[in-house]
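Student: Structure of the sequence below:
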Amino acid sequence: METLARLVSEDMEAVESIIHDRMMSPVGMIPNVAAHLVDAGGKRIRPLITLASARLLGGGGDAARKLAASVEFIHTATLLHDDVVDESGLRRGKTSANRMWGNAPSVLVGDFLFARSFNLMVETGDLAVLDILARAASVIAEGEVMQLAAANDADATLDRYLDIVTAKTAALFEAAARAGAVVAGRAGAEAQALAAYGRNLGLAFQLVDDALDYDGRAGAMGKNVGDDFREGKVTMPVVLARDSGDLDERDFWRRVMSGHQQDGDFQRALAILRKRNAIARTLDAARDYASAACAALASLPANAYREALLELPGFVVARAH
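Tutor: As a prediction, this is how the structure comes out:
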């Protein structure tokens, strides 16, 4: 992560400037709400991927920087919306925007940032990258609705879970990497390889997040441990524990994931997850996706940018330690 950030530091300075310039508005609440999240210390992994993907293939410059800013605006907008849907109180270690200003401002500022992201895409003058990111925005929204529909579904399968996280998380990683290749003029096999890298990296990222929700510190995620449990989200650790558990344990998961939770249920859930090795198995799956991400880069030019991208999956998985 440090190597990647150093390699594109000049680009990222420009991206930060674009982000702060374009989130400005004469409507004072908009920059206040946006800055609350934008300046809260996010790692900017997605724009870093866009910049490094472009540089890896000999591209870069103003268009890549605008796309990187657009990717970060899409991500920030989805976080604002997510916190409203999930009724979250903590984001990036700070009180969430919906708790500070209310749900309506959070949703509307998220909409504003989505609009800003499309302004930036159009300014690149490249319809192909506009198509990539517009499709990603649609898929992310579909993933969020899929997750909402699956909430409290105690019998959700692993395949359904993977469909949801592929849409709501991995799609933007994939688009960030693919757009970097396309803006560098390499829309063929190189773009496909980088898209596979981004998709697998995004899946690894989400699986680590899901494991940390049951076995992490709030500081490691910037949100409250146990939120997924309280919201009835059937994530991979739950699916693995449920499917390998006995009848009593399966009944427990059906009750708590259906929204009928009692005092002490979270601690029992942790005990069952440990007994069934579900957190470790989730992290093993994350490592598999991280390995697949690295393998996807094998055909691309061997340079400093590829090496930095190869280090990123290890950083994503290491968040669990």
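
Student: Arg73 - nearest residue in space that isn't next to it in sequence?
Tutor: I think there's a mix-up here, since residue 73 is Phe and not Arg. Ser117 (3.9 Å; Cβ to Cβ, 6 or more residues apart in numbering). C-beta here means a position set from N, CA and C on the backbone, and glycine is covered the same way.

Student: likewise Tyr305?
Tutor: Tyr305 sits nearest to Leu56 (Cβ to Cβ, 6+ apart), 3.9 Å away.

Student: for Thr166, same thing?
Tutor: Leaving aside its chain neighbours, Thr166 sits nearest to Leu203 (6.7 Å; criterion: Cβ to Cβ, 6+ apart).

Student: who are the neighbours in contact with the one you found?
Tutor: Residues in contact with Leu203 (Cβ atoms under 8 Å, 6 or more residues apart in numbering) are Leu162, Val165, Thr166, Thr169, Ala170, Ala286, Tyr289.

Student: Out of those, name the ones that lie in helices.
Tutor: Among the contacts of Leu203, the members falling in helices (DSSP state H) are Leu162, Val165, Ala286, Tyr289.

Student: contacting residues for the residue nearest to the second one when sequence neighbours are not counted?
Tutor: Spelled out, that is Val165. Distances taken as Cβ to Cβ, 6+ apart put Gln206 closest to Val165, at 4.5 Å, once the chain neighbours are dropped. Contacts for Gln206 (Cβ under 8 Å, 6+ apart) come out as Val165, Thr169, Ala170.

Student: can you check Ala68 too?
Tutor: Asp11, Met12, Val15, Arg46, Pro47, Leu48, Thr50, Leu51, Ala176, Gly180.

Student: Let me know the closest of the residues you listed to Ser258.
Tutor: Arg46 (34.1 Å; Cβ to Cβ).

Student: Tell me how many other residues surround the closest one.
Tutor: Using other Cβ atoms under 10 Å, the number of residues around Arg46 comes to 22.

Student: The stretch 151-300 of the chain: helices as residue ranges?
Tutor: Using DSSP state H, counting those that start in this stretch, the helices found in the stretch 151-300 of the chain span residues 158-165, 171-183, 189-215, 218-221, 227-230, 236-244, 247-257, 265-275, 278-296.

Student: Among the ones you listed, which comes closest to Gly61?
Tutor: Among the helices of the stretch 151-300 of the chain, helix 171-183 comes nearest to Gly61, with 8.6 Å by Cβ to Cβ.

Student: That closest one - contacts with which helices or strands?
Tutor: helix 45-56, helix 61-86, helix 127-150, helix 189-215 (3 or more Cβ pairs under 8 Å, 6 or more residues apart in numbering; DSSP states H and E).

Student: now do 10 Å
Tutor: helix 45-56, helix 61-86, helix 127-150, helix 189-215, helix 278-296, helix 304-318 (3 or more Cβ pairs under 10 Å, 6 or more residues apart in numbering; DSSP states H and E).

Student: gap between Ile140 and Pro313?
Tutor: Look at Ile140 and Pro313: by Cβ to Cβ, to the nearest Å, they are 21 Å apart.

Student: Out of the helices and strands in this structure, which is least certain?
Tutor: Within the chain, no helix or strand scores below helix 218-221, which has a mean of 50 by mean pLDDT, DSSP states H and E.

Student: Using a markdown table, lay out the helices and strands packed on helix 171-183 together with distance to Leu4.
Tutor: Output for the helices and strands packed on helix 171-183, formatted as a markdown table (distance: least, Cβ to Cβ, whole Å):
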| stretch | distance to Leu4 |
| --- | --- |
| helix 45-56 | 6 |
| helix 61-86 | 13 |
| helix 127-150 | 21 |
| helix 189-215 | 12 |
| helix 278-296 | 13 |
| helix 304-318 | 4 |
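
Student: Relative to Phe112, which of those is closest?
Tutor: Judging those by Cβ to Cβ, what sits closest to Phe112 is helix 61-86, at 8.1 Å.

Student: Who does whatever helix or strand comes next after the closest one pair with, and is each partner parallel or antiparallel?
Tutor: Under the assignment DSSP states H and E, the closest C-terminal helix or strand after helix 61-86 is strand 90-91. Here strand 90-91 is paired, per DSSP bridges, with strand 94-95 (antiparallel).

Student: How about the contacts made by Gly198?
Tutor: Taking Cβ atoms under 10 Å, 6 or more residues apart in numbering as the criterion, Gly198 is in contact with 46, 49-50, 53, 170-181, 293, 296, 309.

Student: Mind doing that once more with 6 Å?
Tutor: The contact partners of Gly198, taken as Cβ atoms under 6 Å, 6 or more residues apart in numbering, are Phe173, Glu174, Ala176, Ala177.

Student: same question, Val15
Tutor: Contacts of Val15 (Cβ under 6 Å, 6+ apart): Pro47, Arg65, Ala68, Ala69.

Student: surely the last one meets Glu16?
Tutor: Read it as Ala69. No. Ala69 lies out of contact with Glu16 (Cβ atoms under 6 Å); the separation is 8.4 Å.

Student: from the contacts of Ala68, which is closest to His75?
Tutor: His75 lies nearest to Arg46 out of the contacts of Ala68, by Cβ to Cβ, at 5.5 Å.
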